[in-house]
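Student: Mind folding the following:
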Amino acid sequence: MKFLVWSYYYHDLLPEQHMSYKTCGRFSEEDALRLDELKDMLFKCFEAQSVLNACQQFRLAKLRQEPCPFTQQDLDRMFATEVE
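Tutor: Numbers count the residues shown, from 1 in each chain. Purely as a prediction, here's the structure:
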C-alpha cells in the first residue's frame, strides 16, 4: 500500500507490470532496480486490475484534496528520492 501511495499519489507514476522505473529517468540506477523489484512483488501478490483500482482511488483522493496518511518525506526515505 505504501509503495502505491509513494509511486502514484506523490510521483504520478502508475506501476505497470512491464514498465521499469529506469525509463522515467527520475531515480538513480540503484533505486530504479530496487523499485522494479518492489513493483514485481506487487504484481505477484495482486492482480493488475486490483493495482489499477487502488491507483484510481488514490487519484480521486488527490482530486478531492484528501490528506494522505503518509508524508512524502517519510515515503521518499523508505523507497527513493528523485534525482535532480
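
Student: any idea which residue sits dead centre in the chain?
Tutor: The residue lying closest to the centre of the chain (CA atoms, centre = their mean) is Ser7, at 1.8 Å.

Student: residues contacting the nearest residue to Lys62 once chain neighbours are set aside?
Tutor: In space, and not counting its chain neighbours, Lys62 is closest to Tyr9: 6.0 Å by CB to CB, 6 or more residues apart in numbering. (Each C-beta comes from the backbone N, C-alpha and C, glycine too.) Listed by CB atoms under 8 Å, 6 or more residues apart in numbering, the contact partners of Tyr9 are 58, 61-62, 68.

Student: Most neighbours among those, please name it.
Tutor: Neighbour counts for the contacts of Tyr9, by other CB atoms under 10 Å, peak at Phe58, which reaches 19 neighbours.

Student: Contacts only, for that residue.
Tutor: Contacts were defined as CB under 8 Å, 6+ apart; by that measure Phe58 touches 4-5, 8-9.

Student: Now, of those residues, which are buried?
Tutor: Buried members of the contacts of Phe58, counted by 16 or more other CB atoms under 10 Å: 4-5, 8-9.

Student: out of these, which one sits closest to Lys39?
Tutor: Leu4 (9.7 Å; CB to CB).

Student: who's in contact with the host helix or strand of that closest one?
Tutor: Using DSSP states H and E, Leu4 maps to helix 2-4. Identification of contacts with helix 2-4 by CB under 8 Å, 6+ apart yields 15, 38-39, 42, 51, 54-55, 58, 70, 75, 78-79.

Student: following that helix, which helix or strand comes up?
Tutor: Next helix or strand after helix 2-4 toward the C-terminus (DSSP H and E): helix 29-45.
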